[in-house]
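Asks: Give me a model of this one.
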Amino acid sequence: MMHETLPALVERALTDNSRPLEFFLREQSHLPGPRANLGLVGELSDELASMTTRRAHQVQEVLRSLTRDALAVESNSPAEFVALCGVVAMGACAAAHLDWASDVCDLLSRLARSTSWRVREGVATAYQHLLVAAPDLTLAYLLSLARSGDYLQQRACVAAVAEPRLLQTPAMKESALEIQAIVVRRFHEIPLSERKREDVRTLRQGLSYTLSVAAAALPEAGFALLRECASWGDPDITWIIRENLKKKRLLKFTEQTAYLSKMLA
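Replies: Numbers count the residues shown, from 1 in each chain. Model prediction:
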């Protein structure tokens, strides 16, 4: 249920003062704690997105205020929640006002470098809003970013397309798998001397589940990619594949998973 005070706070933020809204978000964040108030994240995104067409400039100002500290916000803090809300809402608002889509894709790629894992997850969610509303534009952007981006930007790309509900059309499935393939092959090229870097480890952790989402959506090509990866004998890639093989989404592919397990033995 919508928080009764949220529409009034959003209206005030759009009119003249976003501080009461930010205070409310902090108070309702559930942080510090193990799980942020994700329901409120969605409610705020919906509320701001509904205002975007009629009050575009005011919505932009609110989003700018919410995300001003997103690159270096303290983890597991109420301030982190405010930034998370702004990042996710940014994607929802761009999905409702597609003239913003290209600029928001660029901004999200910069926010993917945040020190906060929650903000980085918010970036993936924001891209998912755009994948629904503008799939061709967003997939083209993510494919380009996967080829040229840094480790954290690559992580945003693979996470954004690793959402089963989005992988319903052949184009979406094929592009999602292509993004996974680009990034895992780039990972294989990372010198072993760099593998302990925090941003590399973050990318490694992301790939430990995203490959299986793409493989489940497009099994023939997906398992071909996993077999290619298994043949490299790369210890980090081997760990990534083993982690993906643990996912329930691959349980029904008994023959393919058994073959991969033998390759990795």
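Asks: OK, contacts around residue 5?
Replies: residue 24 (CB atoms under 8 Å, 6 or more residues apart in numbering). To be clear about C-beta, it is placed using only N, CA and C from the backbone, and glycine gets the same treatment.
Asks: Next one: it from residue 23, what distance?
Replies: 11 Å (CB to CB, to the nearest Å).
Asks: cool, and residue 97?
Replies: Taking CB to CB, one finds residue 97 at 27 Å from residue 23.
Asks: Give me the more crowded residue out of the two.
Replies: Between residue 97 and residue 23, residue 97 has the larger neighbour count (other CB atoms under 10 Å), namely 19 against 13.
Asks: That one and residue 55, how far apart?
Replies: 10 Å.
Asks: Skip ahead from the helix or strand harbouring residue 109 and say which helix or strand is next.
Replies: Using DSSP states H and E, the element containing residue 109 is helix 101-111. Next in sequence after helix 101-111, counting helices and strands by DSSP H and E, comes helix 117-133.
Asks: can you pull the alpha-carbon coordinates of that next one into PDB?
Replies: Written as PDB, here are the backbone C-alpha positions of helix 117-133 (Å, rounded to 0.1, in the frame of the first residue of the first chain):
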ATOM      1  CA  TRP A 117      26.600  -2.300  -3.700                       C
ATOM      2  CA  ARG A 118      23.000  -1.300  -3.200                       C
ATOM      3  CA  VAL A 119      23.400   1.600  -5.600                       C
ATOM      4  CA  ARG A 120      25.000  -0.700  -8.100                       C
ATOM      5  CA  GLU A 121      22.000  -3.000  -7.800                       C
ATOM      6  CA  GLY A 122      19.800   0.000  -8.300                       C
ATOM      7  CA  VAL A 123      21.600   0.800 -11.500                       C
ATOM      8  CA  ALA A 124      20.800  -2.700 -12.800                       C
ATOM      9  CA  THR A 125      17.100  -2.300 -11.800                       C
ATOM     10  CA  ALA A 126      17.000   1.100 -13.500                       C
ATOM     11  CA  TYR A 127      18.400  -0.400 -16.700                       C
ATOM     12  CA  GLN A 128      15.700  -3.100 -16.500                       C
ATOM     13  CA  HIS A 129      13.000  -0.400 -16.500                       C
ATOM     14  CA  LEU A 130      14.500   0.900 -19.700                       C
ATOM     15  CA  LEU A 131      14.800  -2.600 -21.200                       C
ATOM     16  CA  VAL A 132      11.000  -2.900 -20.900                       C
ATOM     17  CA  ALA A 133      10.200   0.600 -22.300                       C
END
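Asks: Average pLDDT for it, rounded please.
Replies: Across helix 117-133, pLDDT averages out at 98.
Asks: what's the angle from whichever helix or strand comes after that helix to helix 117-133?
Replies: Using DSSP H and E, the helix or strand that follows helix 117-133 in sequence is helix 135-148. Relative orientation of helix 135-148 versus helix 117-133 (axes from the mean of the first three to the mean of the last three CA atoms, to 10 degrees): 140 degrees.
Asks: Can you list the helices and strands that the following helix or strand past helix 135-148 packs against?
Replies: Sequence order places helix 151-161 as the next helix or strand after helix 135-148, per DSSP H and E. With contacts defined as 3 or more CB pairs under 8 Å, 6 or more residues apart in numbering; DSSP states H and E, helix 151-161 has these neighbours: helix 101-111, helix 117-133, helix 135-148, helix 170-188, helix 198-217.
Asks: For residue 131, give me its contacts.
Replies: 138-139, 160-161, 163, 166, 172.
Asks: For these, give me TSV that also has pLDDT and distance to residue 116.
Replies: Output for these, formatted as TSV (pLDDT from 0 to 100; distance: CB to CB, whole Å):
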residue	pLDDT	distance to residue 116
138	98	23
139	98	26
160	98	17
161	98	21
163	97	21
166	97	24
172	97	28
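Asks: Any chance you could list what contacts stretch 12-24?
Replies: The contact list for stretch 12-24 (CB under 8 Å, 6+ apart) reads 3, 5-6, 9-10, 51, 55, 58-59, 61-62, 65-66, 82.
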